[in-house]
Each structure stands twice: as C-alpha cells, then as structure tokens.
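Q: pasting the sequence and the predicted model now:
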Amino acid sequence: EDGTTAISTLSFTNDGSLVVFGISEKGSDWKSAKFRRVDDNDFLEDKLDWIKFSGFSWTHDNKGVFYASFDKPEEIESGK
C-alpha cells in the first residue's frame, strides 16, 4: 500500500490565530481537514471529511470556514 500522506489546501484566518489544512492519504483526491491554533500549536477537536477539489475560506469573525464536500462514496459505505 502507498503510505504517503500529503498536506494541502492551507488557509489561515485573517488575524493568523487559526489554520485549517487538508490532508490526503495514499495519493487520493479525497481530503480530511484539521484545525489548529497557531499560538499554542494545539489541534482543535473539529474535523471535516469527504472534501474534494475545494479550498477553504474563513468567515470574517474566524468562527467558521466555507468549503465543498461530498457524500461518503458508496463503495466505502458498502465496504467494497
């Protein structure tokens, strides 16, 4: 198996306090997104899944992020 992991689609809030980044595994187009506080380098509990062909844009108040996602693919739902 391809054990590669890539960080992509990095986006900081306007004030630089938070960052969201996409993580792709095994060369897949699918990404998960994780959030991190910049000042203490801690991860937030929030995680987004099933993101594909999307960037991230923060709201002006740093409380939300816009992105595009898809439903979980059928072949993964059925275990194929």
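A: Structure received.
Q: state the pLDDT value of the nearest residue to Gly64 once chain neighbours are set aside.
A: Once flanking residues are discounted, Gly64 sits nearest to Trp58: 7.3 Å by CB to CB, 6 or more residues apart in numbering. (C-beta placed from N, C-alpha, C; glycine too.) Per-residue pLDDT puts Trp58 at 97.
Q: how many residues are close by Trp58?
A: Burial measure for Trp58: 18 neighbouring residues, criterion other CB atoms under 10 Å.
Q: show me what contacts Ser32?
A: Contacts for Ser32 (CB atoms under 8 Å, 6 or more residues apart in numbering) come out as Gly22, Ile23, Lys47, Leu48, Asp49, Ile51.
Q: ok, these vs Asp40, which is closest?
A: The shortest approach to Asp40 among the contacts of Ser32 belongs to Lys47, at 18.5 Å (CB to CB).
Q: state the pLDDT value of the closest one.
A: Listed pLDDT for Lys47 reads 95.
Q: I figured it was touching Lys31, is that so?
A: No: Lys47 is beyond contact range of Lys31, at 11.1 Å (criterion: CB atoms under 8 Å).
Q: quick one, which of those two is more surrounded?
A: Lys31 (23 against 11).
Q: which residue, other than its chain neighbours, is closest to Ile23?
A: Spatially, and ignoring its direct neighbours in sequence, Ile23 is nearest to Ser32 (5.2 Å; CB to CB, 6+ apart).
Q: kindly state the pLDDT recorded for that neighbour?
A: 95.
Q: measure it to Asp49 for me?
A: 5 Å (CB to CB, to the nearest Å).
Q: now do Tyr67
A: Here the criterion is CB to CB. By it, Tyr67 lies 11 Å from Asp49.
Q: any weak-confidence spans in this protein?
A: Counting by pLDDT under 70, the chain has low-confidence residues at 1-2, 76-80.
Q: joint contacts of Tyr67 and Asp49?
A: Ala33.
Q: and these two? Which one has more around it.
A: The neighbour count for Tyr67 versus Asp49, taken as other CB under 10 Å, is higher for Tyr67 (17 against 11).
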